[in-house]
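# got a predicted structure plus its sequence, pasted below:
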Amino acid sequence: MNNTNTHLTHIAAPEGVLPAAGYTHVVTGTGQWVAISGQVALDEAGEVVGPGDAAAQARQVFENLNRCLAAAGGTFADVVKLTYFVTDVAHLPAVRAVRDLYVDVERRPASSAVQVVALYRPELVMEVEAFAVIPSDRVQR
């Protein structure tokens, strides 16, 4: 699923900023800005996938993000920012392992991770939102 788009520039470590471990500090690009709402581990029938299981939920979340990106004409190569909301930071290794199946690990998106008290359903352990820059000629309208 990894591919690289030349419309984006990744700046892993700006001068004077500690180099990032597992993400990029700055991503710039040209094209159409696309915001994807936070995705949770619900399947197309609205059922929770992997209640309480961070790895199973991460797989469903990233598949949902993948579908949303495709609907806009994009891929994970167009993603410039991911924000993770997890109910326990201990879930982050599972999230990162799944993320790395979808993104170019040499050009990871910028990212933020936040531990939250709860999500809207108690079985959910994470929500991930994405921002992408998709070349104008690929944007679905």
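Structure received. Numbering: from 1, shown residues only.
# going forward, measure contacts between C-alpha atoms and count neighbours the same way
Noted.
# which helices and strands does the top helix by length along the chain pack with?
Secondary structure of the chain read by DSSP state H shows that its longest helix is helix 54-71. With contacts taken as 3 or more CA pairs under 8 Å, 6 or more residues apart in numbering; DSSP states H and E, helix 54-71 sits against strand 32-39, helix 92-102, strand 126-134.
# quick one, what contacts the residue minimising distance to the centre of the chain?
Nearest residue to the geometric centre of the chain (CA atoms, centre = their mean): Leu82, 4.1 Å. With contacts defined as CA atoms under 8 Å, 6 or more residues apart in numbering, Leu82 is in contact with 109-112, 128-131.
# CA atoms only for the longest helix of the chain, dumped as CSV, please.
Taking C-alpha atoms only, helix 54-71 is exported to CSV below (Å, rounded to 0.1, in the frame of the first residue of the first chain):
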residue,chain,number,x,y,z
ALA,A,54,-5.9,-2.4,20.1
ALA,A,55,-4.3,-4.3,17.1
ALA,A,56,-7.7,-5.4,15.7
GLN,A,57,-9.1,-2.0,16.2
ALA,A,58,-6.1,-0.3,14.5
ARG,A,59,-6.5,-2.6,11.5
GLN,A,60,-10.2,-1.6,11.1
VAL,A,61,-9.4,2.1,11.7
PHE,A,62,-6.7,2.2,9.0
GLU,A,63,-9.0,0.3,6.6
ASN,A,64,-11.7,2.9,7.3
LEU,A,65,-9.2,5.7,6.7
ASN,A,66,-8.0,4.0,3.5
ARG,A,67,-11.6,3.9,2.2
CYS,A,68,-12.2,7.6,3.1
LEU,A,69,-9.0,8.6,1.3
ALA,A,70,-10.0,6.6,-1.7
ALA,A,71,-13.4,8.3,-1.8
